[in-house]
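*Asks:* For reference, the sequence and a predicted model appear below.
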Amino acid sequence: MNESAFPCSERLKDKVILVTDSTPGIRVLAREGTRVMIRGRRREVAEALAGEIREKASFTPRDVPALGKKMGLPIPTIETFHPEARGIPKVVLFDFDGTLSLLRAGWAGVMVPMMVAELAALKSGESEAELHSIVREFVDRLTGKQTIYQMIELAAQVELRGGIPETPLAYKYKYLGLLHKRIAHRLDELRSGRAKPGKYLVPGSIELLQALRKRGVRLYLASGTDEEFMRQEADLLGVTGFFDGGVYGAQDDYKSFSKRILIERILSRSECHGTEILGFGDGFVEIENVKAVGGIAVGVATDERDCLVVDEWKRNRLAEAGADYIVPNYLNQAKLLEKVIAS
């Protein structure tokens, strides 16, 4: 991550504020000096905090509501598309990666280059930029479904260009090998205790899960990530125990499970009506699945670098999918539940 420095204004004199977005939340450290150094993109945050810091301090996303009012920091908002979307849910369905877990943040930065390299090797005459655009479109379109579907599309794109594709499963394992190298240090931090689970959770996740369990609803966790891995990661993050309905992930026999299939099973067991399902997700697919049965859908469009503001691209995709509400995180979970749950 590039670091840049710029001359300080009068209010920053004798302070060096380092803002880093290498971990979820904003860490702000004040030291002696005469300039501001920013790692990341939040110069306005550094400037806002500079006048307040008198000694070394650390601010996490949970401090944002109070700090925001005082210093103009971004305050988590709830964007409402369908205010009439309220009910008394009996079942709540959560996606995992990007909705609760940040352990795999940056996964697209692994998958897309791998796929572009596979297609570029075919020397179709397309530029790298053209291939990147093609790959990004289908990767994003299929986000929320099991990873294998993105690999099925990759195989189809290879064949379309006259190549002989590997099996989608082979492509998936190649991608997972690359991804696990990228995120291994995060898992190690949790296993060793060097990091607390909150570092790799969307802010407010635990409080939201606790509030929902107190209301007596049944919680399900469903992911397009392989079940073996997502169960391990959910355990490390300390969220498994909240999901009394179960924890479900992708299978090698990919036709045996999907979020749509899980919803159909829930309905077939008469656990609830479709209108009594509340869903949380950051992908197009899970929002569509919940809305297809008449449920309430909350889109989680967090910018995963600091988890304070909405990622506009995600926001637009989730709105297109039919999300009733969109949030950047769950710091305003009490207000959110007031909106979606009828008294």
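*Replies:* Thanks, I have the structure now.

*Asks:* Got the domain ranges for the protein?
*Replies:* Residue ranges for the domains of the chain, per automatic domain parsing: 3-71, 79-102+201-340, 108-192.

*Asks:* Please identify the deepest-packed of the ones you listed.
*Replies:* Neighbour counts averaged per stretch over these are highest for domain 79-102+201-340, at a mean of 20; criterion: mean count of other C-beta atoms under 10 Å. (Glycine included, C-beta is placed from N, CA and C.)

*Asks:* picking that back up, need the domains of the chain in JSON lines with mean pLDDT, can you?
*Replies:* Supplementary listing: these in JSON lines, determined by pLDDT from 0 to 100:
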{"stretch": "domain 3-71", "mean pLDDT": "41"}
{"stretch": "domain 79-102+201-340", "mean pLDDT": "93"}
{"stretch": "domain 108-192", "mean pLDDT": "95"}
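
*Asks:* where do the strands sit along the stretch 201-343 of the chain?
*Replies:* Secondary structure of the stretch 201-343 of the chain by DSSP state E, counting those that start in this stretch: the strands cover 218-226, 246-250, 277-281, 296-300, 325-327.

*Asks:* Next, the angle from the longest one to strand 277-281.
*Replies:* Direction vectors for strand 218-226 and strand 277-281, defined by axes from the mean of the first three to the mean of the last three C-alpha atoms, to 10 degrees, enclose an angle of 40 degrees.

*Asks:* Could you export strand 218-226 as PDB, CA atoms only?
*Replies:* In PDB, the C-alpha atoms belonging to strand 218-226 read as follows (Å, rounded to 0.1, in the frame of the first residue of the first chain):
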ATOM      1  CA  ARG A 218     -33.700 -18.900  14.000                       C
ATOM      2  CA  LEU A 219     -30.400 -18.000  12.300                       C
ATOM      3  CA  TYR A 220     -28.900 -19.700   9.300                       C
ATOM      4  CA  LEU A 221     -25.400 -19.200   7.900                       C
ATOM      5  CA  ALA A 222     -25.000 -20.000   4.200                       C
ATOM      6  CA  SER A 223     -22.000 -19.400   2.000                       C
ATOM      7  CA  GLY A 224     -20.600 -20.100  -1.500                       C
ATOM      8  CA  THR A 225     -17.300 -20.900   0.100                       C
ATOM      9  CA  ASP A 226     -16.500 -24.600   0.600                       C
END
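
*Asks:* so that strand versus strand 246-250, what angle?
*Replies:* When the same axes, to 10 degrees is applied, the directions of strand 218-226 and strand 246-250 differ by 20 degrees.

*Asks:* which other helices and strands contact strand 218-226?
*Replies:* Contact partners of strand 218-226 among helices and strands, from 3 or more C-beta pairs under 8 Å, 6 or more residues apart in numbering; DSSP states H and E: strand 91-94, helix 147-160, helix 205-214, helix 227-237, strand 246-250, helix 259-268.

*Asks:* For the strands of the stretch 201-343 of the chain, give me CSV that also has distance to residue 91.
*Replies:* Shown next, in CSV, are those (distance: least, C-beta to C-beta, whole Å):
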stretch, distance to residue 91
strand 218-226, 5
strand 246-250, 11
strand 277-281, 5
strand 296-300, 11
strand 325-327, 17
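
*Asks:* For residue 197, which of these is the nearest?
*Replies:* Across the strands of the stretch 201-343 of the chain, the minimum distance to residue 197, taken as C-beta to C-beta, is reached by strand 218-226, at 14.8 Å.

*Asks:* The closest one pairs with which strands?
*Replies:* Within its sheet, strand 218-226 is paired with strand 91-94 (parallel), strand 246-250 (parallel), according to DSSP bridges.

*Asks:* Pull the residues that contact the last one.
*Replies:* Under the criterion C-beta atoms under 8 Å, 6 or more residues apart in numbering, residues 96, 146-148, 220-231, 234, 240, 257, 262 lie in contact with strand 246-250.

*Asks:* contacting residues around the residue nearest to residue 89 when sequence neighbours are not counted?
*Replies:* Nearest non-adjacent residue to residue 89, counting by C-beta to C-beta, 6 or more residues apart in numbering: residue 278, 3.9 Å away. Applying C-beta under 8 Å, 6+ apart, we find residue 278 in contact with 87, 89, 91-93, 217, 290, 295-298, 340-341.

*Asks:* Could I get the residues you listed in TSV, plus columns for distance to residue 329?
*Replies:* Listed next are those as TSV, based on distance: C-beta to C-beta, whole Å:
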residue	distance to residue 329
87	23
89	20
91	23
92	17
93	19
217	20
290	20
295	21
296	18
297	17
298	11
340	16
341	19
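
*Asks:* In this structure, mark out all the helices, start to finish.
*Replies:* Using DSSP state H, the helices of the chain run over 43-50, 64-71, 108-120, 128-141, 147-160, 168-192, 205-214, 227-237, 259-268, 284-292, 312-321, 333-340.
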